[in-house]
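Participant: Next one to model:
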Amino acid sequence: QVQLAESGGGLVQAGGSLRLTCAASGHTASDYAMGWFRQAPGKERYFVATIRRSGETSTYADSVKGRFTISRDNAKNAVYLQMNSLKPEDTAVYYCAASTAGAGILVRRGDYDYWGPGTVVIVSS
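Facilitator: From the prediction side, this is the model:
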């Protein structure tokens, strides 16, 4: 099975940018569709973005569309989330997830089989 580890979180002012990295180990990342979710304090974990194994197709939550970009480098076993124009409501723990599903648009928590421990993003106003 694959192990996932997120990095790149931190404190940033509104309007700023951060780039999150998800490093995969123990298995080839290209065998998995990958996704990012986030969970704000006191709230459920919500879908942010997903990218297919080849990297050719990505899907975003409406709340981040046009501001966030998901990408992957299968040679480096890594997935990225570039976050621009950050808002205070983007404050959350961000989780990387891997799915063995071979098809479909993977936007539900249950679509994913493996999760990282998360990285904290705080956007100040």
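
Participant: Residue 20: neighbouring residues, count only.
Facilitator: Per other CB atoms under 10 Å, the neighbour tally for residue 20 reads 23. C-beta: built from backbone N, CA, C; applies to glycine.

Participant: Skipping adjacent residues, who's closest to the residue nearest the centre of the chain in space?
Facilitator: Nearest residue to the geometric centre of the chain (CA atoms, centre = their mean): residue 36, 2.2 Å. Spatially, and ignoring its direct neighbours in sequence, residue 36 is nearest to residue 48 (4.2 Å; CB to CB, 6 or more residues apart in numbering).

Participant: That neighbour belongs to a strand?
Facilitator: Yes: when classified by DSSP: H, G, I helix; E, B strand; the rest coil, residue 48 is found to be part of a strand.

Participant: wait, what's in contact with it?
Facilitator: For residue 48, the contacting residues are 35-38, 60-61, 64, 68, 81, 94, by CB atoms under 8 Å, 6 or more residues apart in numbering.

Participant: follow-up on the earlier one: in which helix or strand would I find the residue nearest to the centre of the chain?
Facilitator: For residue 36, the enclosing helix or strand under DSSP states H and E is strand 33-39.
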